[in-house]
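> fold the following for me, if possible:
(2 chains)
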Amino acid sequence: MVRARGVAAGGSVLSSGLGSVGTYSEGLGSGNRGGVSIPGEPTERRVPEAGLLLSRVAAGEPDAMRACIDRFGGLVWSLARRMLPTQAEAEDAVQEIFVEVWKNAGKYDASVASETAFVAMLTRRRLIDRRRRIGRRIDGQIIAEGYDPSGPPPGPGAELCEEAALAARAIEDLSADQRRCLRLSIYEGLSHEKIAVSTGLPLGTVKTHVRRGLIKVREMLGQPASGVEGAGREEASR
Amino acid sequence: MSRPPHPHRPRRVIASLPPRAVELLADRLTGDVGPGEAGELEALLQGRDDASVELAAASALVADLPRVEPLPESLRAALIRMADEVAADAAAERGVRAAASVSVARHGGYADGWSIASERGRRGSGSLWLGLAAAAGFALAAAGWWPRLVGPGAVEMTPAQRLEALALSAPDVVVQEWSDFVHPDHGAPPELRGVRGNVVWSESRGEGYIRLAGLRPNDPTVEQYQLWVIDDRGIEQRVSGGVFDAPASGEVTVAVDPAARVKNARAFAVTIEPSGGVAVSDLSRRACLAVVAPLDLTLADRRASLMRNNSRVAMGPWTDFVSLDGTSELPELTGVSGDVVWDEPGQRGYMVFHGLRVNDPKVEQYQLWIVDERGLGQRVSGGVFDASPTGPTIVPISPGLPVRNAAIFAVTIEPPGGVAVSSMARRVCLAKVGV
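Next up, the predicted model:
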């Protein structure tokens, strides 16, 4: 079985299988449009150039659909494992999400978001739907080892794309309570009422915190990418 | 900290919106926007939609990933197979479509009530995408969970005609009559009784239709009928099959449109829900049920089935949850009996309680805590539940996050909705489990 190889630059903690910059898959033949040769590699192994992949998926290119799995598989899988209770649920969700990505690839607009962010949006939608479907009676949370619900972003995710790097910067600027409310809302899909109960904060404060967190991130996304740490391997490859 | 800028990244377009519109978009994303605010948002956006807040949420989600794991090899292989099948079918579909368009051009004209899908098809998305979409619909409908898409050149039949075609052509088609949908746990009768008709379902094609008569005509702005598909995962993880309306005649035929993949459909159920349907129904407004394969519907049956079919389950009886601070102070509620059944590989289980005091959910609720290998300090909240006013209380366990080597299940009384961290001041019972 052929695996995509991650070639993370600069000591990145990104694991293999993410398949972004410098990633290649066997089967991406020399005839692929937008291929980028890797020095020292056989010429028939090519990297689909970032930014072109989804348009090629929309055009129905089989190799592009495979490359899509290798580029975004790690991201989608990691989000699914983070948000769903069991491996089986996560596996089901990942298959569902990739079909969603293939189906919607034609809607991708490079002037709005990076391909990684576009895939993350589709992924989040599906995972929240699934969480709500399976978690009505028991909506558990965990105080996970090493995870501080009110702390700054842990790091690795911010390296996946420019938008995540900008979002990490925005989240760092939030207060601890704002971070906690934002996370309970967008990760757990909890209602404002439930967040208020969980945190002991007044309902109005919860609503304001969630709003401010999202607005802060949105504002940051509207800024130029200059000087953003990480800023995404996808973008850096262009 | 800073890295050099990335000069080749095109400037992202974040539309300039009124601050109030951004606030309402944030509220909508987090599920907190009422009908009045929705109208206000629509007016502010002037018919456009804006995904910038959703993009912000997704970006924050990615930024907050504590680790990035590679795709498991088996899953990657399955995805590759799926991609190849979709791509191959897309290519085949393009060929079929080309032939069909020639045929349509030659013959022209269709009987009343029939229409040519291509005339109403999506425009402006590119013909190749249409091919992919059509093929994806075909291939994945065969897998059992994708709504069918009709490609250009195809002739669209009514659901009733498609039902007949499916019944005649699918090798594994099953037909099952509707019956009253009594409540699976306490046997209460449905809101709507005497619905007639049947379900026609082909597992191999992932295609099905429901035919119903005797429905009460509904006002779609107030309420709609919603179909549910119950498969191997059981009634707790039922899949929405779509919403539909009943005309004045009370008779309707609609396609099953599952929101997720169906694995061995066991039963179909119809409920009445608010307009647009719900993600998860509480099954309080039931109509009809069609069981196509044996299915454990009640919690007690499902608990028994889990114990019968799974040698890996662990069990433990409830005991009084005395204080852990060394004083051995008795809990607020003593003498609760029953047990916990826990399937660690399946991450599911059931709790049975006898003697649990009936609570007022507006004042307080019971909350489950699971202590695993990470210790008491990092206990997992298993969610909240209420005591049954009649008979024993049976509660399914489906933790929101993975449990590793569960050791203790403990129950406390907490404010409605539960708490993230409990003081354990209002203790009830605990059970130690061991495989």
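
> what about stretch B:410-421 and chain A, any contact?
Yes: using C-beta under 8 Å from any C-beta of the partner chain, stretch B:410-421 reaches chain A at B:P415, B:P416, B:G417, B:G418, B:V419, B:A420, B:V421. To be clear about C-beta, it is placed using only N, CA and C from the backbone, and glycine gets the same treatment.

> what's in contact with that stretch?
A:141, A:143, A:149, A:193-194, A:197-199, B:318, B:321, B:332-333, B:336, B:359, B:361-371, B:379, B:381, B:383-384, B:422, B:424-431 (C-beta atoms under 8 Å, 6 or more residues apart in numbering or on different chains).

> please convert the buried members of those residues into ChimeraX selection syntax.
To isolate the buried members of the contacts of stretch B:410-421 in ChimeraX, using 16 or more other C-beta atoms under 10 Å in any protein chain shown:
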select /A:141,143,149,194,197,198,199 /B:318,321,333,336,359,364,365,366,367,368,369,370,371,379,381,383,384,422,424,426,427,428,429,430,431
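
> from the contacts of stretch B:410-421, which land in strands?
Counted as lying in strands by DSSP state E, out of the contacts of stretch B:410-421, are B:365-371, B:381, B:383-384, B:427-431.

> isn't B:R379 up against B:I370?
Yes: at 6.4 Å, B:R379 counts as touching B:I370 under the criterion of C-beta atoms under 8 Å.

> now B:V363: how far from B:S179?
To B:S179, B:V363 is 38 Å away according to C-beta to C-beta, to the nearest Å.

> same question, B:L24
Taking C-beta to C-beta, one finds B:L24 at 45 Å from B:S179.

> before we move on, what about B:E69?
In terms of C-beta to C-beta, B:E69 sits 46 Å off from B:S179.

> below-threshold pLDDT in chain A: ranges please.
Across chain A, residues meeting the criterion (pLDDT under 70) sit at A:1-51, A:133-149, A:154, A:224-238.

> what segments of it are helices?
With DSSP state H as the criterion, chain A has helices at A:53-58, A:62-83, A:87-104, A:115-134, A:162-172, A:176-186, A:192-199, A:203-221, A:233-236.

> redo those as CSV? Include distance to chain B.
Below are those laid out as CSV (distance: least, C-beta to the nearest C-beta, whole Å):
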stretch, distance to chain B
helix A:53-58, 5
helix A:62-83, 4
helix A:87-104, 5
helix A:115-134, 4
helix A:162-172, 4
helix A:176-186, 5
helix A:192-199, 4
helix A:203-221, 4
helix A:233-236, 5
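
> take these and write them to TSV, including distance to B:L289.
Conversion of the helices of chain A to TSV gives the following (distance: least, C-beta to C-beta, whole Å):
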stretch	distance to B:L289
helix A:53-58	41
helix A:62-83	31
helix A:87-104	24
helix A:115-134	19
helix A:162-172	46
helix A:176-186	36
helix A:192-199	31
helix A:203-221	39
helix A:233-236	49
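
> tell me which of these lies nearest to B:S204.
helix A:87-104 (18.0 Å; C-beta to C-beta).

> B:R211: helix or strand, and which one exactly?
In this structure, B:R211 sits in strand B:207-213 according to DSSP states H and E.

> any buried residues in that strand, and which?
B:E207, B:G208, B:Y209, B:I210, B:R211, B:L212, B:A213.

> from those, which shows the smallest pLDDT?
Least confident by pLDDT among those: that is B:E207, with 86.

> just to revisit the earlier point, can you show me the CA trace of the strand holding B:R211 as CSV?
Below are the C-alpha coordinates for strand B:207-213, written out as CSV (Å, rounded to 0.1, in the frame of the first residue of the first chain):
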residue,chain,number,x,y,z
GLU,B,207,-32.6,3.2,-2.7
GLY,B,208,-36.0,3.2,-1.2
TYR,B,209,-39.4,4.7,-1.2
ILE,B,210,-42.2,5.0,1.3
ARG,B,211,-45.9,5.0,0.3
LEU,B,212,-48.3,6.3,2.9
ALA,B,213,-52.1,6.8,3.2
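
> describe which strands that strand pairs with in its sheet and in which direction.
strand B:196-202 (antiparallel), strand B:252-255 (antiparallel) (DSSP bridges).

> rebuild those strands as TSV, extending it with mean pLDDT and mean neighbour count.
Below are the strands paired with strand B:207-213 laid out as TSV (pLDDT from 0 to 100; neighbours: other C-beta atoms under 10 Å in any protein chain shown):
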stretch	mean pLDDT	mean neighbour count
strand B:196-202	90	21
strand B:252-255	90	19
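
> export those to CSV and tack on distance to B:R348?
Shown next, in CSV, are the strands paired with strand B:207-213 (distance: least, C-beta to C-beta, whole Å):
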stretch, distance to B:R348
strand B:196-202, 26
strand B:252-255, 31
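
> doesn't B:R48 belong to a helix?
No: counting by DSSP: H, G, I helix; E, B strand; the rest coil, one finds B:R48 to be coil, located in no helix.

> list the contacts for it?
B:R48 sits next to B:A15 when contact means C-beta under 8 Å, 6+ apart.

> what about B:L24 and B:S179, which has more around it?
B:L24 (23 against 15; other C-beta atoms under 10 Å in any protein chain shown).

> contacts only, for that one.
Neighbours of B:L24 in contact, by C-beta under 8 Å, 6+ apart: B:V33, B:E37, B:E40, B:L41, B:L44.

> try it again with 6 Å
Applying C-beta atoms under 6 Å, 6 or more residues apart in numbering or on different chains, we find B:L24 in contact with B:E37, B:L41.

> ok, B:D232 next?
Per C-beta under 6 Å, 6+ apart, neighbours of B:D232: B:K263, B:N264.

> so how far is chain A from it?
Distance, B:D232 to chain A, by C-beta to the nearest C-beta, to the nearest Å: 11 Å.
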